[in-house]
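**Student:** Just the structure for this:
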Amino acid sequence: MNVTEALFAPLMADSAKPLVSHYDDADGTRIELSRATVANWAAKTANWLRDEVFLEPGARVLVALPAHWQTVGVLLGSWWAGASVVTDPAAGDFEVAFVPQGFEVEAETVAAVALDPLGRGIRSPEPGTVDYIGEIRVHGDFFRSYAVVPGEQPALNELSVDALVALARARASEQGISAGDRVLSDLDWHSPESIVDGLVAVIAAGGALVQCTNPDPTKLADRRRTERITVDLTTP
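**Tutor:** Predicted coordinates:
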């Protein structure tokens, strides 16, 4: 069983609930995605990886993206397809790399992620790259995994599938995150630790994430109230 099936699939029993509310205080945007919408983005990503890139389980996939609602779909879709996600661009030997436009990295396929708040793609991807949004948009909203992913296979850097699932559940408990909690976070997702604490643990607990990118400290107090925050992971 892969990470997405182990932690995210159980949430689809109540798929209309919100999963991610993403604020970017640099451009003043707020985007909310339900569990069902995130599942669609993840399925499109997984379908593209398997059916167009021909990704095999265990292939190394670089995810060098900031904390953003599109990154959620990239991570869950990559794990769903059986990929081993790597966060260090210097590690090399990548089948696919998901990076922002203009990020230089070597991989068989470089998918530039626009990180547009409304989900718009990149009109003119740089030479040697493809537009992530444009590539996945034509793929299906549902994904069925036929591959068997061993529990000992790397899932996030050196963490195996089994270890990542267990760690996410443990960190959810340690951070006081339970089902139904609304979790405010400004973690950046550049390391395995921040990805686990700021995203995967929230999913493992059945919570909802309110993610603040480029956070404006003057707005956080009001956001805690309006978003009905029950667990606060923001930097003091």
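
**Student:** would you list every one of the strands in this structure?
**Tutor:** With DSSP state E, the ranges of strands along the chain come out as 18-24, 29-34, 60-63, 84-86, 96-100, 109-113, 130-131, 154-156, 159-160, 182-185, 208-213, 231-232.

**Student:** among these, which is nearest Gln70?
**Tutor:** In terms of Cβ to Cβ, the element of these nearest to Gln70 is strand 109-113, at 5.7 Å. Bear in mind the C-beta positions are built from the backbone N, C-alpha and C, glycine included.

**Student:** what angle separates that closest one from strand 96-100?
**Tutor:** Angle of strand 109-113 versus strand 96-100, following axes from the mean of the first three to the mean of the last three Cα atoms, to 10 degrees, is 30 degrees.

**Student:** which strands and helices sit next to strand 109-113?
**Tutor:** helix 69-80, strand 96-100, strand 130-131, helix 132-136 (3 or more Cβ pairs under 8 Å, 6 or more residues apart in numbering; DSSP states H and E).

**Student:** Swap in 10 Å and give it another go.
**Tutor:** The helices and strands touching strand 109-113, judged by 3 or more Cβ pairs under 10 Å, 6 or more residues apart in numbering; DSSP states H and E, are helix 35-51, strand 60-63, helix 69-80, strand 96-100, strand 130-131, helix 132-136.

**Student:** Output the last one as CSV, restricted to C-alpha atoms.
**Tutor:** Coordinates of each C-alpha in helix 132-136 appear next as CSV, following Å, rounded to 0.1, in the frame of the first residue of the first chain:
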residue,chain,number,x,y,z
TYR,A,132,2.6,20.7,-15.1
ILE,A,133,-0.9,22.1,-15.2
GLY,A,134,-1.3,21.7,-19.0
GLU,A,135,0.1,18.2,-18.9
ILE,A,136,-2.2,16.8,-16.2
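
**Student:** circling back: redo the strands of the chain as CSV? Include mean pLDDT, distance to Pro192 and mean neighbour count.
**Tutor:** Listed next are those as CSV, based on pLDDT from 0 to 100; distance: least, Cβ to Cβ, whole Å; neighbours: other Cβ atoms under 10 Å:
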stretch, mean pLDDT, distance to Pro192, mean neighbour count
strand 18-24, 97, 19, 21
strand 29-34, 97, 23, 16
strand 60-63, 98, 11, 24
strand 84-86, 98, 9, 22
strand 96-100, 98, 16, 22
strand 109-113, 97, 19, 23
strand 130-131, 97, 26, 20
strand 154-156, 98, 5, 23
strand 159-160, 98, 6, 20
strand 182-185, 98, 16, 23
strand 208-213, 97, 17, 25
strand 231-232, 98, 20, 18
